[in-house]
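S.K.: Next come a sequence and a model predicted from it.
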Amino acid sequence: MIKKYLNEVWENLFWQGMEAVLYGDGDIWVRQQGTQAWDEEDIVYKLSLSLEYWSDSFFVTVNKNGDLMKDETMKPDFIEDMTRQIKEGY
């Protein structure tokens, strides 16, 4: 369930103003940051997708035009590192 969630996060990185939420039953939703659901207590992890949140991480690189982008070679490290963080947060 965590790997599926993190793959969803990776695919949606830099979606401005959005966050990915993971529910205890394994459901995954992407929603606008700052919103709350009626079942908020069932959420076990939230992660911002916005560029500002990720801009200084080692998963991000700068292309030849000076734009920030995901470093696709870092995806396995992202999955591993974030899995550890999520498990520590349970």
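M.R.: That came in fine, so what should we check first?

S.K.: how about the strands in the protein?
M.R.: In the chain, the strands defined using DSSP state E lie at 18-23, 28-32, 43-48, 60-62, 68-70.

S.K.: Taking the centroid of the chain, which residue is nearest it?
M.R.: The centroid of the chain falls nearest to residue 9 when counting by Cα atoms, centre = their mean (3.7 Å).

S.K.: what about the closest residue to that one other than its chain neighbours, distance to residue 32?
M.R.: Leaving out its chain neighbours, the residue that sits closest to residue 9 by Cβ to Cβ, 6 or more residues apart in numbering is residue 20, at 4.7 Å. Placement of C-beta: from N, CA and C, glycine included. The gap separating residue 20 from residue 32 is 12 Å, by Cβ to Cβ, to the nearest Å.

S.K.: and the closest residue to residue 83 other than its chain neighbours, what is it in contact with?
M.R.: Leaving out its chain neighbours, the residue that sits closest to residue 83 by Cβ to Cβ, 6+ apart is residue 2, at 5.3 Å. By Cβ atoms under 8 Å, 6 or more residues apart in numbering, the residues touching residue 2 are 22, 83, 86-87.

S.K.: what residue ranges in this protein score low on pLDDT?
M.R.: For the chain, the stretches flagged by pLDDT under 70 are 90.

S.K.: Could I get the full set of helices for it?
M.R.: With helices called from DSSP state H, the chain shows them at 2-12, 51-54, 75-89.

S.K.: Return the most buried member of the ones you listed.
M.R.: Burial of the helices of the chain is given as mean neighbour count (mean count of other Cβ atoms under 10 Å); helix 2-12 ranks first at a mean of 17.
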